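*Asks:* no sequence on this one, just coordinates:
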C-alpha cells in the first residue's frame with residue numbers, strides 16, 4: 001500500500017511555468033513505476049507522463065513533449081512534473097499515480113493521489 005499526495009497546482013497565465021510534486025509514503029518507492037495523469041470535467045482521465053522505477057526511461061503524451069519534464073528522487077520518495085510554456089488546454093486536475101511493477105511494458109496504475117488543480121488562463 002502506498003499513499004500519494006500531490007502539491008503545486010494553482011492559477012497561472014499562458015506561457016508561465018508550474019512545478020507539481022508527488023510525495024509517496026512507502027519505503028520501497030524505487031519499486032514503483034510512476035506517472036502523471038490529468039482530467040477535465042466531462043472527459044476521461046488522460047495520460048501525461050511516466051517515469052521508470054530507476055528514472056532512466058521517461059515517456060510523454062505528444063501534447064506536452066518539449067514542455068513538460070517528469071523526474072523522480074528515489075532517496076526522497078518524490079516525483080515532480082515541471083511544466084513550462086503552459087497553455088489554456090493544460091488546465092485540468094493533475095493526478096499522481098503509481099504501480100509496483102518495474103518490468104511490464106504496459107501497466108495499469110493502481111495507486112492514485114487526490115489530485116491538484118492547474119488552471120491556465122489570462
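*Replies:* Great, that's in hand. What you are looking at is a predicted structure, and each value in this text was computed from that prediction instead of being measured.
*Asks:* what residues are up against the residue most central in space within the chain?
*Replies:* Note on the chain: the residue nearest the mean C-alpha position is residue 36, at 2.4 Å, using C-alpha atoms, centre = their mean. Residues counted as contacts of residue 36 (C-beta atoms under 8 Å, 6 or more residues apart in numbering) are 20, 22, 48, 49, 50, 70, 79, 81, 94, 95, 96, 97. Every C-beta, even on glycine, is put in place using the N, C-alpha and C of the backbone.
*Asks:* go with 7 Å
*Replies:* Residue 36 makes contacts with 48, 49, 70, 81, 94, 96, as judged by C-beta atoms under 7 Å, 6 or more residues apart in numbering.
*Asks:* got the phi/psi numbers for the residue lying closest to it once chain neighbours are set aside?
*Replies:* With C-beta to C-beta, 6 or more residues apart in numbering as the criterion, residue 36 has its nearest non-adjacent residue at 4.3 Å, and that residue is residue 48. Backbone geometry at residue 48, expressed as degrees, to the nearest 10, gives phi -110, psi -50.
*Asks:* go on, residue 29?
*Replies:* Here residue 29 shows phi and psi, under degrees, to the nearest 10, equal to phi -60, psi -30.
*Asks:* re earlier: ok, the residue nearest to residue 36 touching residue 38?
*Replies:* Yes - using C-beta atoms under 7 Å, residue 48 is in contact with residue 38, at 5.3 Å.
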